[in-house]
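Colleague: please work out how this folds:
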Amino acid sequence: MKRCLVFILSLLVFCASFQNSLFLVDYQVNREFYETHCVNRDVPDMECHGKCQLKKNADEATSLANVVKYAFEFNLMPT
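Modeller: The predicted structure is shown next:
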């Protein structure tokens with residue numbers, strides 16, 4: 001039981017630490033999806049290849065992480 005708990009907690013710490021790297025891995029695996037949903041696909045001079053969608057997803061995750069961080073800090077304040 002302890003090993004399972006240690007493994008799960010280690011996995012959570014790993015995912016939180018390397019969140020931006022996981023976005024890059026997702027981009028490389030699903031590159032065709034990002035390229036088809038790219039907002040700049042009509043402008044071939046930009047050579048975006050879906051990186052705009054990757055940035056959008058990363059920004060959304062970062063803003064969500066900031067909200068969670070502030071909510072957590074708020075709950076720890078003494079009353």
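
Colleague: any idea how far Tyr34 is from Glu60?
Modeller: Tyr34 is 14 Å from Glu60, where distance means Cβ to Cβ, to the nearest Å. C-beta coordinates here come from the backbone N, C-alpha and C atoms, glycine included.

Colleague: meant to ask about Cys38
Modeller: Taking Cβ to Cβ as the measure, Cys38 falls 16 Å from Glu60.

Colleague: which one's more surrounded, the two?
Modeller: Per other Cβ atoms under 10 Å, whichever of Cys38 and Glu60 has more neighbours is Cys38, with 18 against 10.

Colleague: got a list of what the residue nearest to that one when sequence neighbours are not counted touches?
Modeller: Closest residue to Cys38 apart from its sequence neighbours, by Cβ to Cβ, 6 or more residues apart in numbering: Gly50 at 4.5 Å. By Cβ atoms under 8 Å, 6 or more residues apart in numbering, the residues touching Gly50 are 27, 31, 33-38.

Colleague: filter those to the buried ones?
Modeller: Buried positions within these, assessed by neighbour count (16 or more other Cβ atoms under 10 Å), are 27, 34, 38.

Colleague: and Cys52, what is it in contact with?
Modeller: Taking Cβ under 8 Å, 6+ apart as the contact definition, Cys52 lies against 38-40.

Colleague: of these, closest to Cys15?
Modeller: Closest approach to Cys15 among these (Cβ to Cβ): Cys38, at 26.4 Å.

Colleague: pretty sure the closest one sits against Met46.
Modeller: No - using Cβ atoms under 8 Å, Cys38 is not in contact with Met46, being 9.1 Å away.

Colleague: residue ranges with poor pLDDT in the protein?
Modeller: For the chain, the stretches with pLDDT under 70 are 64-79.
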